[in-house]
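>>> what shape does this take:
(2 chains)
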Number of protein chains: 2
Amino acid sequence: MNRLIEMRPGEQNPPIFHCKINNERIMEKIVIIGGDAAGMTAASKIRRTDKKCEITVFEKGEHTSYAACGIPYFVAGYVDKKRHLIARTPEEFAEKQRIRVNIRHEAIKIDRERKEVEVIDLKTKKSLRIPYDKLLIATGASPVVPHVDGIKAKGVFTVSNLTDAQRIHHFIQKQKPKKAVVVGGGYIGLEMAEALLERDAAVSLIDMSPQVMNTMDEDMAGVIQKYMKKEGVKLYLNEGLKKIEKNEKGEAIAVVTDKHTLQADLVILGIGIKPNSGLAKDAGLKLGEKEAILVDKTMRTSDEFIWAAGDCATSYHLVKEKPVSIALGTVANKHGLIAGTNMSGADEEFPGVIGTAITKFKAMEIARTGLSEKEAAELNIPVKTIVITSKTKAGYYPGSEEITVKLVAEESSLRLLGGQIVGFAGSGKRIDTLAAAITAKLTARDLAFMDLSYAPPFSPVWDPVQIAARQLI
Amino acid sequence: MNRLIEMRPGEQNPPIFHCKINNERIMEKIVIIGGDAAGMTAASKIRRTDKKCEITVFEKGEHTSYAACGIPYFVAGYVDKKRHLIARTPEEFAEKQRIRVNIRHEAIKIDRERKEVEVIDLKTKKSLRIPYDKLLIATGASPVVPHVDGIKAKGVFTVSNLTDAQRIHHFIQKQKPKKAVVVGGGYIGLEMAEALLERDAAVSLIDMSPQVMNTMDEDMAGVIQKYMKKEGVKLYLNEGLKKIEKNEKGEAIAVVTDKHTLQADLVILGIGIKPNSGLAKDAGLKLGEKEAILVDKTMRTSDEFIWAAGDCATSYHLVKEKPVSIALGTVANKHGLIAGTNMSGADEEFPGVIGTAITKFKAMEIARTGLSEKEAAELNIPVKTIVITSKTKAGYYPGSEEITVKLVAEESSLRLLGGQIVGFAGSGKRIDTLAAAITAKLTARDLAFMDLSYAPPFSPVWDPVQIAARQLI
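Numbers count the residues shown, from 1 in each chain, chains lettered A, B, ... in the order given. Below you'll find the predicted structure:
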């Protein structure tokens, strides 16, 4: 707390960092690297708890607190303006919460001994050393970009931040691509496939694995694949990306797999993401699964003055009973809240995750929680599973549609370990009932006889998740 | 097992009851009074377990296994044919499962000492004595009909079974009522109000209490009332039904309350229901809340050879920790399954209910579970409560609509005791997440940090139920 940087009031560029001396004590200096969900949630929480401390955020990109999960819907045209995806701008953080957010500033080094972060102002290229009392690393994750020929061709995009979103949006408006290839059949892949169909492109999707949605089991993925084909997506499974061909203008013209050459004037990469943990690694902090920064339940890293939160940090998995790397907006928000709580002096634990996730492809809702059957196999947990197909409403009620539910339960006890749901309107959010049951370590029998809601416009008499549970027992 | 009735093969009317003697043993005689959800679920379960026993059902009305909950939607015209509301006809039960269902047969007495039921064939008026080894009472519940002048006028209906449904349907088609009055603002009242608006009637609704939906708290009911008024229903709260005026043809023309005279050419009574427990009471079986037949968790009554299930029987309330009377189709089905399981020799318990229910009025979804604030007060349980308003999807996502969530938690521990949800598309079924959490005795904190699903088309980053939980803690 004894290192200060001189105040420079009246400067034309607002000072990166400033610190006031108060007669009684020096205010605590909180530094946050990363200005999205986790970082800004923590910043806000700290400010709500501690009106005096100094909170400074460094964000490499141009935006704060944006809804990365909304990008495909912005590209699809469902959301009009990019602005709608931004919860709060740097100016708003400054005005409303006295949180100083410096965009276009990249942290390049953490000096744990001196408790300083080295930051580059990407505009001026100047380097700054910023002291901290407490540091939060909330650097997120980056899309995996395969090292293949042509990967930098024009018309090839990752989908990671608002700048990507805007680039894709402009590209579509200007080039009106007719043939899009999506590489990767995960959440981003499916959501972007929908978005591109909306923009009148023919869509092919390749994935090197034998199924889409690898976080789900093959039987459930089969239901999704059938629907995707029906909706016009050409699927090329078991096919790896080999290269991207480009024309003399450097524009992508085809995606080459180990089996096909697919014409393409737009290529979306949705292969996966990796935690941005380089800074932490270089600083000698402990890492966990996928090299995510290892944290305890208070979100503290192996350095007592440094916390980590969001996609760059691990979460404790309540079913696997170990730290895992799960990159999701909802988890990032919870991480941020817990990190912020603890950084402002309280002591609160993040209970953990169970891998709940939801998405949709056109009218089909897709959700999962807990362990898939294959995850259970990897962990050598003997399980019983069931897949049932039922209806979202009473069969006779208009708009009653198909829903498929899979349950995974521990073989001996029938304790619920996981669930997967694929179906039409009203299907997906039923995963939360399973998530609650799994969190509470309930059994299939508990679920089967649970007092869930029923009325013809909402459910069959036995909710589909209960039909599955009944068949399991 | 030693009382037999002679077989009468070849009779023109199918025998009411028959019994075969098998060389080794006499088959068990199962008699079930009531052929709807609970009775027929039990019958089916027994047949699946025991291929040999004799199962005979007596149903006072004309239909079996019909979806009483679907009646308002049939009246509204959403469901085309009455047939769609019938899961299985008596003929199908006979053919597919060798379950003999005798419709238009009313049980009038249970002779526990002789183990016989006295039954009247309502067509021939003949009385029959039917022996049983095991008896299930699944007589349902009946609508409360107030004893006021004019209650039997033409155009005044209760909504209890398919015969009612058809009568109302025919009345509407023939008379084209212009002014309908619904008496009672509970589930049936709201659903029928919607149905009658669909049939182009002006709808007034009276309720003697200060709010609609008495199973919810006044603050939540207020949200519903505002919407009902907006949708054109005239609400007369704090007004009791005094009489129904009729014309010289005996047709209802007005509903008179203690404050108003409301013109009416159609009157729907949705005041409440009472368990049909007269038979059981006369036979000296123990009764519970609202005179429902008291059963243990195996659905057995105070007579070891008699079980009861469905609207006529009690359920154990997991939060109130005592038997209660809750009349709902989903509970009746569970009762029937458990009773059937135990009547065929197994030993299974029904864990209980927490009072989960859901309905809708036009676009508004309405759901509740556990204890309301007023129920907690009646039980002298100190609680903390919260009401929040949020969105059903990410704020920027098209079709994101308002949802209001109320949570009731034990003051000291913040253990969740109850929840209420009112909102538009996608709101209602979120009650199941709360139901699971309450069943598992989780706290508001457990819920706040639970790994629930998030994607922009489904939820804000923090699900509304979690926003409520966070505010509570």
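>>> can I see the domain layout of chain A?
Split into domains by automatic domain parsing, chain A comes to A:29-142+A:274-343, A:156-271, A:363-472.
>>> off-centre distance for the second one?
With CA atoms, centre = their mean, to the nearest Å as the basis, domain A:156-271 stands 19 Å off its chain's centre.
>>> for the residue of chain A found nearest chain B, list the residues it contacts.
Going by CB to the nearest CB, chain B is nearest to residue A:440 of chain A, at 3.2 Å. (Each C-beta comes from the backbone N, C-alpha and C, glycine too.) By CB atoms under 8 Å, 6 or more residues apart in numbering or on different chains, the contact list for residue A:440 reads B:436-437, B:439-440, B:442, B:446.
>>> widest-spaced pair of those?
B:439 and B:446 (12.5 Å; CB to CB).
>>> and those two? Which one has more around it.
Shown here are residue B:439 and residue B:446; by other CB atoms under 10 Å in any protein chain shown, residue B:439 has more neighbours (28 against 20).
>>> how close does the more buried one sit to residue B:449?
Noted for residue B:439: a distance of 18 Å to residue B:449, by CB to CB, to the nearest Å.
>>> for residue A:148, same thing?
Counting by CB to CB, the gap from residue A:148 to residue B:449 is 41 Å.
>>> so between those two, which is more surrounded?
More neighbours surround residue B:449 than the other of residue A:148 and residue B:449, with 22 against 14 (other CB under 10 Å).
>>> find me the pLDDT at the more buried one, would you?
We have a pLDDT of 97 for residue B:449.
>>> contacting residues for it?
A:334, A:338, A:350-351, B:466.
>>> over to residue A:251?
Applying CB under 8 Å, 6+ apart to residue A:251 gives the contacts A:153-155, A:265.
>>> contacts for the helix or strand bottoming out on mean pLDDT in chain A, please.
Across the helices and strands of chain A, mean confidence by mean pLDDT, DSSP states H and E is lowest for helix A:90-97: a mean of 89. Helix A:90-97 is contacted by residues A:35, A:40, A:43-44, A:47, A:55, A:57, A:59, A:64-65, A:88, A:99-103 when judged by CB under 8 Å, 6+ apart.
>>> residue A:438 contacts residue A:368, doesn't it?
No. Applying CB atoms under 8 Å, one finds residue A:438 not in contact with residue A:368, separated by 11.1 Å.
>>> quick one, helices of the stretch 101-250 of chain A?
Using DSSP state H, counting those that start in this stretch, the helices of the stretch 101-250 of chain A run over residues A:162-175, A:187-198, A:218-230.
>>> pick the most buried one from those.
Among these, helix A:187-198 has the highest mean neighbour count (mean count of other CB atoms under 10 Å in any protein chain shown), at a mean of 25.
>>> helix A:218-230 and that one, what's the angle between them?
Orientation of helix A:187-198 against helix A:218-230 (axes from the mean of the first three to the mean of the last three CA atoms, to 10 degrees) gives an angle of 20 degrees.
>>> which residues touch helix A:187-198?
The contact list for helix A:187-198, computed with CB under 8 Å, 6+ apart, reads A:72-73, A:75-78, A:159, A:177, A:180, A:182-183, A:203, A:205, A:207, A:212-213, A:224, A:228, A:231-233, A:266, A:268, A:270, A:357, A:359-362, A:366, B:455.
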